[in-house]
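# Got a predicted model here, sequence first, then my questions.
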Amino acid sequence: MGKIIAIANQKGGVGKTTTSINLAASLGVLEQKVLLIDADPQANASSGLGIDVDNVEIGTYQILEHSNTPEEAIIKSTAPNVDVIPAHIDLVAIEIELVDKENREYMFKQALASVKDKYDYIIIDCAPSLGLLTLNALTAADSVVIPIQCEYFALEGLGKLLNTIKSVQKIHNPELDIEGLLLTMYDSRLRLSNQVVEEVQKHFNNMVFETIIQRNTKLSEAPSYGESIINYDATSKGAANYLSLAHEIIKKNAK
């Protein structure tokens, strides 16, 4: 039985898509079979793994609508052992279209039932909002990874996200766990970065991953080549960080 992990934070620019792509690729390199689902209308997780999003005919929109199966939407990516269900800008419309549907929060959960057993991990890259799309992802997921940027406003909005997760646990998905808080864009030379790390570790203790994702130019460059950091520069700090995160998640889930 595969594990579904949502990568979520309603704040933009915290490293959600970077984490989704590179965690999926790192798990793939460690011989895990991975499905990456792009649930963000910006479709950056799809283009970041070399998929031409303008030519996507079947993707996340169609599986949420139940007009196509996940199997019909799956595309092989440039990363070893990683398949992708891509997104397209048409995903913007899904929130409006789902509003009147019965069991609207369970569309992802129902759709993914047929592929869950075929993968070790299913990673969902969520949109930067707490709308119906993210709610669907959290209802379908077994756990959630929350990336937190090591900057001044890092904790702003985190309370709101944790309340949303509690509400999902209470109403839609009592099995949902927090896989961990992931500190991203860390720069050891900045006092502020170090203060944010201390603050988050002090408040959230065991909920925080030991791995910290350091600020790294190679991580920013890789998506423009349609590659994960593992393919683009396996010797970079970014690759080492995400491999460390993948090891941590595998170890945690082996218990």
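Perfect, thanks for sending it.
# For the rest of this, base every contact and every neighbour count on C-alpha atoms.
Will do.
# which residue sits closest to residue 61 in space, ignoring its chain neighbours?
Here the nearest residue to residue 61 in space, its sequence neighbours aside, is residue 91; by C-alpha to C-alpha, 6 or more residues apart in numbering that works out to 5.1 Å.
# In this structure the one you found contacts residue 53, no?
No: in this structure, residue 91 is not within contact of residue 53 by C-alpha atoms under 8 Å, at 11.7 Å.
# next helix or strand past whichever strand or helix holds residue 17?
Remark: residue 17 resides in helix 16-29, with elements defined by DSSP states H and E. Taking DSSP H and E as the definition, the helix or strand that follows helix 16-29 towards the C-terminus is strand 34-39.
# Alpha carbons of that next one, as CSV, please.
As requested, C-alpha coordinates have been extracted for strand 34-39 and formatted as CSV (Å, rounded to 0.1, in the frame of the first residue of the first chain):
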residue,chain,number,x,y,z
VAL,A,34,6.9,7.4,-7.0
LEU,A,35,3.9,9.2,-8.5
LEU,A,36,4.0,13.0,-8.4
ILE,A,37,0.6,14.7,-8.8
ASP,A,38,0.6,18.3,-9.8
ALA,A,39,-2.4,19.9,-8.0
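# could you give me the average pLDDT of stretch 110-118?
The predicted model assigns stretch 110-118 a mean pLDDT of 94.
# Run the chain-centre distance for it.
When C-alpha coordinates are averaged (C-alpha atoms, centre = their mean, to the nearest Å), stretch 110-118 and its chain have centres 17 Å apart.
# Show me which residues of it are buried.
Neighbour-count burial for stretch 110-118, with 16 or more other C-alpha atoms under 10 Å as criterion, is recorded at 111, 112, 116.
# Quick one: residues in contact with it.
1-4, 33, 63-64, 66, 69-71, 122, 140 (C-alpha atoms under 8 Å, 6 or more residues apart in numbering).
# can you put the residues you listed in JSON lines and add neighbour count, distance to residue 223 and pLDDT?
What follows is those, written out as JSON lines (neighbours: other C-alpha atoms under 10 Å; distance: C-alpha to C-alpha, whole Å; pLDDT from 0 to 100):
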{"residue": "1", "neighbour count": "10", "distance to residue 223": "30", "pLDDT": "68"}
{"residue": "2", "neighbour count": "16", "distance to residue 223": "26", "pLDDT": "87"}
{"residue": "3", "neighbour count": "17", "distance to residue 223": "25", "pLDDT": "95"}
{"residue": "4", "neighbour count": "26", "distance to residue 223": "23", "pLDDT": "97"}
{"residue": "33", "neighbour count": "20", "distance to residue 223": "21", "pLDDT": "97"}
{"residue": "63", "neighbour count": "21", "distance to residue 223": "25", "pLDDT": "93"}
{"residue": "64", "neighbour count": "25", "distance to residue 223": "26", "pLDDT": "92"}
{"residue": "66", "neighbour count": "14", "distance to residue 223": "30", "pLDDT": "88"}
{"residue": "69", "neighbour count": "19", "distance to residue 223": "27", "pLDDT": "94"}
{"residue": "70", "neighbour count": "23", "distance to residue 223": "24", "pLDDT": "94"}
{"residue": "71", "neighbour count": "13", "distance to residue 223": "25", "pLDDT": "95"}
{"residue": "122", "neighbour count": "27", "distance to residue 223": "20", "pLDDT": "97"}
{"residue": "140", "neighbour count": "26", "distance to residue 223": "27", "pLDDT": "95"}
